[in-house]
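Enquirer: Dropping the sequence and predicted coords here.
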Amino acid sequence: MTKIEEHFYTMQRIDALRKTVEFYGLEVPLEFWNLSLPKLQKYCNGCGAENWSVIKRQALTAALSRYEAAFFVHDICYELMTDRAEADKMLLRNMRAIFRRDFGLFWWLTKRGWAERIGIIPVVYGLVAWGGEDAYQAARKDGDET
């Protein structure tokens with residue numbers, strides 16, 4: 001995060017996202033429910049690399065808002081888990097869980113269902129699996145230099 005940016009999410013938004021995680025029954029690390037709201041707020045930066053501009057992350061988070069709770073969990077996983085490939089797989093499973101709940105058994109009857117299941121979910125997962133670890137390490141390195 002930049003020096004100007006205090007936190008990406010407000011405390012109220014963090015609380016709402018935690019409730020959304022519970023609503024969807026998303027997979028989370030065991031420590032997730034024990035983390036305080038301020039700790040969750042510190043870890044979460046929306047969708048996209050932490051060293052991207054706030055505007056870019058806000059736009060991407062808004063565009064993929066259906067899966068915001070999955071990205072929220074993913075940010076926490078990257079902080080808590082040493083196996084980032086497993087954290088990326090958990091993101092995929094959580095996105096699919098949200099998709100199943102929102103679209104149901106008949107997802108294939110809508111263009112939106114096809115676009116999300118065949119396009120958005122695999123592309124997001126592929127990008128995160130390909131560059132997530134590097135982006136995370138770059139953000140940590142940038143943070144160490146300030």
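Expert: Yep, that arrived. This one's a predicted model, so the numbers in the text were calculated from it and none came from an experiment.

Enquirer: for F8, phi and psi?
Expert: phi -70, psi -40 (degrees, to the nearest 10).

Enquirer: need the contact list for it.
Expert: Each residue near F8 by C-beta atoms under 8 Å, 6 or more residues apart in numbering is listed here: M1, C44, N45, G46, V54, R57. Bear in mind the C-beta positions are built from the backbone N, C-alpha and C, glycine included.

Enquirer: how close does the last one sit to C47?
Expert: Remark: distance between R57 and C47 (C-beta to C-beta, to the nearest Å) = 6 Å.

Enquirer: Pick out whichever of those two has more residues nearby.
Expert: More crowded of R57 and C47, by other C-beta atoms under 10 Å: C47, with 24 against 20.

Enquirer: Check the secondary structure at that one for me.
Expert: coil (DSSP: H, G, I helix; E, B strand; the rest coil).

Enquirer: what about the most centrally placed residue in the chain, which helix or strand?
Expert: Nearest residue to the geometric centre of the chain (C-alpha atoms, centre = their mean): F71, 0.9 Å. F71 belongs to helix 68-80 when assigned by DSSP states H and E.

Enquirer: what about dumping the CA coordinates of that helix to CSV?
Expert: Extracted in CSV, the C-alpha atoms of helix 68-80 (Å, rounded to 0.1, in the frame of the first residue of the first chain):
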residue,chain,number,x,y,z
GLU,A,68,-15.4,-10.0,-3.7
ALA,A,69,-15.8,-12.2,-0.7
ALA,A,70,-13.6,-14.9,-2.4
PHE,A,71,-10.9,-12.2,-3.0
PHE,A,72,-11.2,-11.1,0.6
VAL,A,73,-10.5,-14.7,1.8
HIS,A,74,-7.7,-15.0,-0.7
ASP,A,75,-5.9,-11.9,0.7
ILE,A,76,-6.2,-13.4,4.2
CYS,A,77,-4.9,-16.7,2.9
TYR,A,78,-1.8,-15.1,1.4
GLU,A,79,-1.0,-13.6,4.8
LEU,A,80,-1.7,-16.7,6.8
